[in-house]
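Enquirer: prediction below, plus the sequence it came from.
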Amino acid sequence: MLYLRIMSALLGIPIMLGAVFLGGPWYALLMLVVVNLGIFEYSTILQASGYRVPLITSFAGVTLFLAVVYFQLFDLIYPLVMILFTALFVISLFNMDRKSIHDAAISFWGIIYLGGLSGYLILIRMMPEGALYTYMLLAGVWLHDSVAYFIGSKWGLHKFSPSISPKKSVEGSVAGILAAVLLFFSAVILMPDIMPFSPGAGILFGLGIAVFAQLGDLLESALKRQLAVKDSGKLIPGHGGILDRFDSMLLCAPFVYYFFTLLNISL
């Protein structure tokens, strides 16, 4: 398992970093592929649990969310939400049974979860220092997740949230937080010309990354727990599916975007 995790990382990380470096349509295209794979996994595990998810509507929903963000058509976000809501409602009327409204609601939730939150990954890259901010997001999440996983696996004794994710430990959680905080605090000290904030802000940024990464992971773990599945998929050997790999990043992205938005306003 460890070998597969390392090999998958060695293959996937350069692709992600290269797309961030290129930016523009290349980065947006990678995000589009990732999000559509994610909504497919989401729909698949729901369908295995008895839900009926309109897959075409889900694909269209997440794709349109990313398109609206990429082309900066922000005035269309609210109409898009209403169109998707109406479409799913109409679909539920034509498949009326005791679960049709539940199907529509959980489909709509998935579109917002994957399409809406992933849009922030594109918004971050479009900022004036977007490449740097995106690399910081990736470095923080990857370091946090890796340290939490390895420390928790080897020395984790106290369960963090057994009802949601039995394998997560307090020791792993604390180690992940400390790693993220130390990363950005050290980076500010060692690379003051590159890092765009003070040591205190670096500590706050690392703490925010760690907290939202853990919340994102717990959110997906709760979903899998309620649907009685171990992994969201098998696309990434040693990691599971797309959702298993990107769950932490989804909730971190809004935090990073608004952190730098507020920071730039205050400067």
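Expert: That came through, no problem. Because the structure is predicted, anything quoted here is derived from the model rather than measured.
Enquirer: doesn't K167 fall inside a strand?
Expert: Yes - under DSSP: H, G, I helix; E, B strand; the rest coil, K167 falls within a strand.
Enquirer: how far away is the nearest residue to L182 once chain neighbours are set aside from L190?
Expert: Leaving aside its sequence neighbours, L182 sits nearest to G206 (CB to CB, 6 or more residues apart in numbering; 7.2 Å). Any C-beta I mention is one placed from the backbone N, CA and C, and that applies to glycine too. Separation of G206 from L190 (CB to CB, to the nearest Å) stands at 14 Å.
Enquirer: so between those two, which is more surrounded?
Expert: The neighbour count for G206 versus L190, taken as other CB atoms under 10 Å, is higher for G206 (26 against 9).
Enquirer: for the more buried one, give its distance to L117.
Expert: Here G206 is placed at a distance of 20 Å from L117 (CB to CB).
Enquirer: what does L204 give?
Expert: L204 sits 21 Å away from L117, taking CB to CB as the criterion.
Enquirer: do S163 as well
Expert: Here S163 is placed at a distance of 24 Å from L117 (CB to CB).
Enquirer: neighbour count for the two, which is higher?
Expert: Set S163 next to L117 and count neighbours by other CB under 10 Å: L117 wins out with 19 against 8.
Enquirer: pLDDT value on the closest residue to the more buried one other than its chain neighbours, please?
Expert: Nearest non-adjacent residue to L117, counting by CB to CB, 6+ apart: L250, 4.3 Å away. With respect to pLDDT, L250 scores 93.
Enquirer: might one say that L250 is in contact with S118?
Expert: Yes - the pair L250 / S118 is scored as a contact, 6.7 Å apart, by CB atoms under 8 Å.
Enquirer: what angle do the host helix or strand of G216 and strand 165-169 make?
Expert: In this structure, G216 sits in helix 199-227 according to DSSP states H and E. With axes from the mean of the first three to the mean of the last three CA atoms, to 10 degrees applied, the angle from helix 199-227 to strand 165-169 works out at 150 degrees.
Enquirer: what inclination does the helix or strand that helix 199-227 is followed by have with respect to helix 199-227?
Expert: Once the chain leaves helix 199-227, the next helix or strand it forms, by DSSP H and E, is helix 242-266. Between helix 242-266 and helix 199-227, the angle comes out at 150 degrees (the same axes, to 10 degrees).
Enquirer: what comes up buried for helix 242-266?
Expert: Within helix 242-266, the residues scored as buried using 16 or more other CB atoms under 10 Å are 242-257, 259-260.
Enquirer: what about it, distance to the chain center?
Expert: From the chain centre to the centre of helix 242-266 is a distance of 9 Å (CA atoms, centre = their mean, to the nearest Å).
Enquirer: can you check stretch 183-194 too?
Expert: 25 Å.
Enquirer: then stretch 112-126?
Expert: That offset, for stretch 112-126, works out to 9 Å (CA atoms, centre = their mean).
Enquirer: again, but for stretch 52-60
Expert: With CA atoms, centre = their mean, you get 20 Å for stretch 52-60.
Enquirer: do the same with stretch 212-220
Expert: Here stretch 212-220 is found 9 Å from its chain centre; the criterion is CA atoms, centre = their mean.
Enquirer: same deal with stretch 108-119?
Expert: Here stretch 108-119 is found 10 Å from its chain centre; the criterion is CA atoms, centre = their mean.
Enquirer: residues contacting it, please?
Expert: Residues outside stretch 108-119 that contact it (CB atoms under 8 Å, 6 or more residues apart in numbering) are 31, 34-35, 38-39, 42-43, 46, 53, 58, 61-66, 68-69, 84-85, 88, 250-251, 253-254.
Enquirer: show me where the stretch 51-200 of the chain has its strands.
Expert: 159-161, 165-169 (DSSP state E, counting those that start in this stretch).
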